[in-house]
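Undergrad: below: sequence and its predicted model.
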Amino acid sequence: MNSYIYDLLQKALSGLDISEPPEIQLESPKVAEHGDISTNIAMLLAKPLRQNPRAIAQQLLDTMPLDPQVLEAIEIAGPGFINFRFAKEYVYQQLRAIIEEGSDFGKTASRKGQRIQIEFVSANPTGPLTVGHGRNAVLGDTIARLLEWTGASVDREYYFNDAGRQMRVLGQSVQARYQQLLGQSIELPEGGYEGAYIIDIAQGIVDQYGKEWEEKDWEAFKKVAQEAIFADISQTLERMNIHMDSFFNEFDLYENGDIEKVLAALKEKGLVYEADGATWFKTTEFGKEKDTVLVKSTGEPTYRLPDIAYHANKLDRGYDECVDVFGADHIATYPDVLSALQALGYDEQRIRVIVYQFVTLVKDGQPFKMSTRKANFVTLDELMDEVGSDVTRFFFLMRSSNTHLEFDIGQAKEAGEKNPVFYLQYAHARIHSILRKAEEEYGAAPESPTLEQLKPLVHPSELTLMKTLFKLPKAIAGAADANEPHRLINYLNDVATDFTSFYHDCRIMGVEQECAQARVLLARQTARVLSNGLGILGIHAPEQM
RNA sequence: GCGCCCAUAGCUCAACUGGAUAGAGCAAUUGCCUUCUAAGCAAUAGGUUUCAGGUUCGAGUCCUGAUGGGCGUACCA
């Protein structure tokens, strides 16, 4: 439809006395009285033509033919907007298109053939996933789904480091707990992990090996702890319906020589120098105030070096786009990574970074800081025990990622029933309830109706609902392009709201057969749009509640 | 100090590339369950979009400055 109107305007513009007409912009107005599609072209022309925008709009309108099968009306409104109103026939045809596409309705092909990698979660295995990780996990997974619906093939990857200082402390913490369980009076190491899960892991070792592990070093304990924690993380992700395609261990970058290669290449470019026993990266050449350390004087690389090598590795794997999802605390690292990649000759435009702001936990009306080490966190599992995975996913997705998300635990627990996700699920369940009844009463509605069979749909609520339903592909593509899943939620809310108006204005039971069947078809497609949309969000669309 | 993000109804947040009358959900007040699921609907109230300038036909959105908050600015990850 957009291209149809675009052509119409293009032709009308060619009749005007202007050499370089401005670009035609089409938008869908917020208010129904302003039609279904509108353009501001006359206002843009006002200046070069030195004429009143409404007069220009009139000139354009006079030369535009009106095909009653497509457009019901073209109107001039306000300061000079030109508004287009769809004809009913066109609306019916669109409804038939939804019916034909079925579970694929909403898919577009804008990224067909593209291979995209998205890296997310990427929590080191030092403890269970917390509410903070939840935002990352759900955001990453949903963006992946959105990209798939625009035709891309998407790989989900989890990047982790099991070799650092954190992991040593983890091993030592488990070891200390193990010794405590055997009755020795041993303190947790300085800065050790205090969570109860450490004791559980230690208890597991006691149960299995008794005193046999007294002579083992912390690395053995680390290995057991890591496996247990990873198993726990995988299970949590599974519960949220998240499936990783690959896990990438930072250690591999050392083994396969990528770290060395990157360092050597940067040296060759003259971007690396030695000072105070450390190896520095000249980030000042890229506009930063200070240079950055790549290798500490101890000989250990900082995290930046493997980060650079990892991203080079990803691009080498031939992805058209690599998406990173991370929290605001990592915001300082990626400009360095991009600078390095650029220097190494990579197209850093292929890296896309999604930064989300922190989740502020509010408990008993007070905000508090979370720390895995201090064990004052709320795990994702605990949250899902309380409210389930649907509400959990929805909660993280309903807000734009660059605003701080306030998470009131008490409210989330008790508000389960009032949570907006139920509004969508309820609408879906309600439709199915009607469909079941209608089928008993009227028999099955036609699978692929003719235009004639849809003609009883004339009520404003019906037309509004139909027009909203067609926007699903646009809503998905828009959310995917902006990496903003909450836009899809906003859209689905519109669908549910429009359905509810329809539900109140247009009864299905008790009207004559033809009208009832047409309404059944519309209701069924509404359920389709809701379930396709909820599916992308990873949320169930129940047929009964 | 410097860099990034943010500031919209009492609270939590929307508002597609600058568009027409700034919208939802909680909370408040009122009305609606012999009729397809009341986890719902209808209505009322709530706003100088933090402040001061600027750009233009038009600004919550763009620019400059101020104020207030979050994060970063480590040879921690």
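TA: Sure, I can see it.
Undergrad: doesn't A:Lys107 lie inside a strand?
TA: No. The assignment for A:Lys107, made by DSSP: H, G, I helix; E, B strand; the rest coil, is coil rather than a strand.
Undergrad: so what does it look like in phi/psi?
TA: Phi and psi for A:Lys107, reported as degrees, to the nearest 10, are phi -80, psi 140.
Undergrad: number of nearby residues for it?
TA: Using other Cβ atoms under 10 Å, A:Lys107 has 17 other residues around it. Backbone N, C-alpha and C define where each C-beta goes, glycine included.
Undergrad: ok, A:Leu129 next?
TA: Per other Cβ under 10 Å, the neighbour tally for A:Leu129 reads 25.
Undergrad: what's the pLDDT at it?
TA: For A:Leu129, the model assigns a pLDDT of 92.
Undergrad: ok, now A:Lys474?
TA: Confidence at A:Lys474, expressed as pLDDT, is 93.
Undergrad: that one: what secondary structure?
TA: Three-state call for A:Lys474 (three-state DSSP): helix.
Undergrad: looking at chain A, which helix or strand is least sure?
TA: Using mean pLDDT, DSSP states H and E, strand A:366-368 stands out as the lowest-scoring helix or strand of chain A, at a mean of 62.
Undergrad: the helix or strand following it near RNA strand B anywhere?
TA: The helix or strand immediately downstream of strand A:366-368 is helix A:380-397, counting by DSSP states H and E. No. Using Cβ under 7 Å from any atom of the strand, helix A:380-397 never reaches RNA strand B; the gap is at least 9.6 Å.
Undergrad: which neighbouring elements make contact with helix A:380-397?
TA: For helix A:380-397, the packing partners by 3 or more Cβ pairs under 8 Å, 6 or more residues apart in numbering; DSSP states H and E come out as helix A:131-149, helix A:218-239, helix A:409-414, helix A:421-442, helix A:486-505, helix A:513-537.
Undergrad: 10 Å - rerun?
TA: Applying 3 or more Cβ pairs under 10 Å, 6 or more residues apart in numbering; DSSP states H and E, one finds that helix A:380-397 contacts helix A:131-149, helix A:218-239, strand A:405-408, helix A:409-414, helix A:421-442, helix A:486-505, helix A:513-537.
Undergrad: mean pLDDT lowest for which of these?
TA: helix A:409-414 (a mean of 65).
Undergrad: picking that back up, of the helices and strands packed on helix A:380-397, which is nearest RNA strand B?
TA: Among the helices and strands packed on helix A:380-397, the nearest to RNA strand B by Cβ to the nearest atom of the strand is helix A:421-442 (2.9 Å).
Undergrad: which elements pack onto the closest one?
TA: Packing partners of helix A:421-442 (3+ Cβ pairs under 10 Å, 6+ apart): helix A:380-397, helix A:486-505, helix A:513-537.
Undergrad: mind listing what's buried in that helix?
TA: A:421-422, A:424-425, A:427-432, A:434-435, A:438, A:442 (16 or more other Cβ atoms under 10 Å).
Undergrad: quick one: closest of the helices and strands packed on helix A:421-442 to A:Lys47.
TA: helix A:486-505 (33.0 Å; Cβ to Cβ).
Undergrad: now do that closest one and helix A:131-149, the angle between them.
TA: Between helix A:486-505 and helix A:131-149, the angle comes out at 80 degrees (axes from the mean of the first three to the mean of the last three Cα atoms, to 10 degrees).
Undergrad: and helix A:486-505, what does it pack onto?
TA: By 3+ Cβ pairs under 10 Å, 6+ apart, helix A:486-505 packs against helix A:131-149, helix A:380-397, helix A:421-442, helix A:460-470, helix A:472-482, helix A:513-537.
Undergrad: with only the CA atoms kept, save the second one in CSV.
TA: Looking back up the chat, that one is helix A:380-397. The C-alpha atoms that make up helix A:380-397 are tabulated as CSV, following Å, rounded to 0.1, in the frame of the first residue of the first chain:
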residue,chain,number,x,y,z
LEU,A,380,16.4,-15.7,38.2
ASP,A,381,15.2,-19.0,39.4
GLU,A,382,13.7,-17.5,42.6
LEU,A,383,12.0,-14.9,40.5
MET,A,384,10.5,-17.5,38.1
ASP,A,385,9.4,-19.6,41.1
GLU,A,386,7.4,-16.6,42.2
VAL,A,387,5.9,-15.3,38.9
GLY,A,388,6.8,-17.8,36.2
SER,A,389,8.8,-17.5,33.1
ASP,A,390,6.1,-15.6,31.0
VAL,A,391,5.9,-12.7,33.5
THR,A,392,9.7,-12.7,33.9
ARG,A,393,10.3,-12.4,30.2
PHE,A,394,7.6,-9.8,29.8
PHE,A,395,8.9,-7.8,32.7
PHE,A,396,12.3,-7.4,31.1
LEU,A,397,11.0,-6.7,27.7
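Undergrad: what stretches of chain A score poorly on pLDDT?
TA: Of all residues in chain A, those with pLDDT under 70 make up the ranges A:363-372, A:374-376, A:409-418.
Undergrad: what residues does the stretch 1-150 of chain A put near RNA strand B?
TA: A:25-31, A:33-35, A:38, A:40, A:43-44, A:46-47, A:77-79, A:81, A:83, A:124.
Undergrad: 6 Å instead, please
TA: A:25, A:27-31, A:33-34, A:38, A:40, A:43-44, A:47, A:77-79, A:81, A:83, A:124 (Cβ under 6 Å from any atom of the strand).
Undergrad: of the residues you listed, which belong to strands?
TA: A:Glu27, A:Ser38, A:Ala77, A:Phe81, A:Asn83 (DSSP state E).
Undergrad: pipe those residues into CSV and attach neighbour count and distance to A:Asp320 per row.
TA: Formatted as CSV, these follow (neighbours: other Cβ atoms under 10 Å; distance: Cβ to Cβ, whole Å):
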residue, neighbour count, distance to A:Asp320
A:Glu27, 11, 29
A:Ser38, 21, 35
A:Ala77, 15, 43
A:Phe81, 21, 38
A:Asn83, 19, 39
